[in-house]
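Engineer: for reference, the sequence and a predicted model appear below.
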Amino acid sequence: MSSSKVSMVLLLSLFIASILAMTALAGNFFQDFDITFGDQRVKILEGGKFLTLNLDQYSGSGFKSKNEYLFGRIDMQIKLVPGNSAGTVTTYYLSSEGPTHDEIDFEFLGNSSGDPYTLHTNVFSQGKGDREQQFHLWFDPTKAFHTYSFVWNSKRIIFFVDNIPIRVFNNLESFGVPFPKNQPMRIYSSLWNADDWATQGGRVKTDWTQAPFTASYRNFKANACAAGSSSSCIVSTTASTNSLTDQQSAWQTQTLDAAGRNRLRWVQHKFMVYNYCSDLKRFPQGVPAECKQSRF
């Protein structure tokens, strides 16, 4: 066999090996998650690559990760309930357990047909939340899958939508602000009825003639440190093997560069509909300490 043919065979072998490695590392809903409630209303399809949650007038549904994580980057592609989703809430969040739990939230508040979803975000540390920021998205989140991501390290939490930063919560412990850094958190998601508050403060109720309501999930990725494992930082991603080390370490020091700060300003200027730091009626004695510091 000529040297050129040998080289081609070696390249083909390496390509096949990389494909196998990518397949093995892809997130799998069978392997990575447990159903928390809803029984048959949770459907895992395509060998674990795809998941749907369903809500009817009897129950919603949900799942949680088998692993707990202490820092990392978590990505999930979600397609939200289409049509008249008023009264429904789709959640995707990280949370520890107990009365002094930590939590990092995406919550998608449904709305009547033609009106936008409200993306509700919050951060809890040591049991204290009340740090809500809300947004309307710049696309219809029911028409296609979009990627919603948390980057969580010891310095900051960054919320991303399609890799565009929408919110940063910095570690400001030096100003007396608790920051979630000691309690491992699981990934949770659920679809449930909250028509007592979710849409226009509860004025618009769930239309059960539209049931079952369905939210869809795919392409879960966790570049994160899994608590309690001998190899504490794990990677679940479809990226090529050569780039895994870079991807795994990037979130540990991730911040926003000038372009990222500009995108954040764009989102917050154009699409933010509520910011607790601007709610002076809620905080007549003065806004919380973190609100007085730089957002970046």
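Structural biologist: Right, received. Where do you want to start?
Engineer: show me where the stretch 101-250 of the chain has strands.
Structural biologist: Along the stretch 101-250 of the chain, the segments classed as strands by DSSP state E, counting those that start in this stretch run 103-109, 118-124, 133-135, 146-152, 156-161, 164-170, 186-193, 213-226, 233-236.
Engineer: just put those in JSON lines and tack on mean neighbour count, distance to K49 and mean pLDDT.
Structural biologist: Yep, even glycine has a C-beta here, placed from its N, CA and C like the rest. Listed next are the strands of the stretch 101-250 of the chain as JSON lines, based on neighbours: other CB atoms under 10 Å; distance: least, CB to CB, whole Å; pLDDT from 0 to 100:
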{"stretch": "strand 103-109", "mean neighbour count": "21", "distance to K49": "21", "mean pLDDT": "97"}
{"stretch": "strand 118-124", "mean neighbour count": "21", "distance to K49": "25", "mean pLDDT": "97"}
{"stretch": "strand 133-135", "mean neighbour count": "20", "distance to K49": "29", "mean pLDDT": "97"}
{"stretch": "strand 146-152", "mean neighbour count": "21", "distance to K49": "15", "mean pLDDT": "97"}
{"stretch": "strand 156-161", "mean neighbour count": "21", "distance to K49": "22", "mean pLDDT": "98"}
{"stretch": "strand 164-170", "mean neighbour count": "20", "distance to K49": "25", "mean pLDDT": "97"}
{"stretch": "strand 186-193", "mean neighbour count": "22", "distance to K49": "16", "mean pLDDT": "97"}
{"stretch": "strand 213-226", "mean neighbour count": "22", "distance to K49": "6", "mean pLDDT": "95"}
{"stretch": "strand 233-236", "mean neighbour count": "18", "distance to K49": "12", "mean pLDDT": "63"}
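Engineer: using a markdown table, please lay out these together with distance to F33.
Structural biologist: Formatted as a markdown table, these follow (distance: least, CB to CB, whole Å):
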| stretch | distance to F33 |
| --- | --- |
| strand 103-109 | 17 |
| strand 118-124 | 22 |
| strand 133-135 | 26 |
| strand 146-152 | 16 |
| strand 156-161 | 21 |
| strand 164-170 | 25 |
| strand 186-193 | 8 |
| strand 213-226 | 8 |
| strand 233-236 | 11 |
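Engineer: and of those, who's closest to Q293?
Structural biologist: strand 164-170 (6.9 Å; CB to CB).
Engineer: hang on, the earlier thing: who wins for proximity to D39 among the strands of the stretch 101-250 of the chain?
Structural biologist: Closest among the strands of the stretch 101-250 of the chain, using CB to CB: strand 186-193, at 13.4 Å.
Engineer: the inter-axis angle of the closest one versus strand 213-226?
Structural biologist: Interaxial angle, strand 186-193 versus strand 213-226 (axes from the mean of the first three to the mean of the last three CA atoms, to 10 degrees): 170 degrees.
Engineer: who's in contact with strand 186-193?
Structural biologist: Residues from elsewhere that reach strand 186-193 (CB atoms under 8 Å, 6 or more residues apart in numbering): 33, 36-37, 53-55, 60-65, 67-69, 74, 76, 81, 87-96, 206, 213-215, 217, 222.
Engineer: V89 - that's part of a strand, no?
Structural biologist: Yes - assessed by DSSP: H, G, I helix; E, B strand; the rest coil, V89 belongs to a strand.
Engineer: residues touching it, list them.
Structural biologist: Residues in contact with V89 (CB under 8 Å, 6+ apart) are E107, F108, L109, G110, S190, L191, W192, N193, A194, A198.
Engineer: brilliant, that's me finished.
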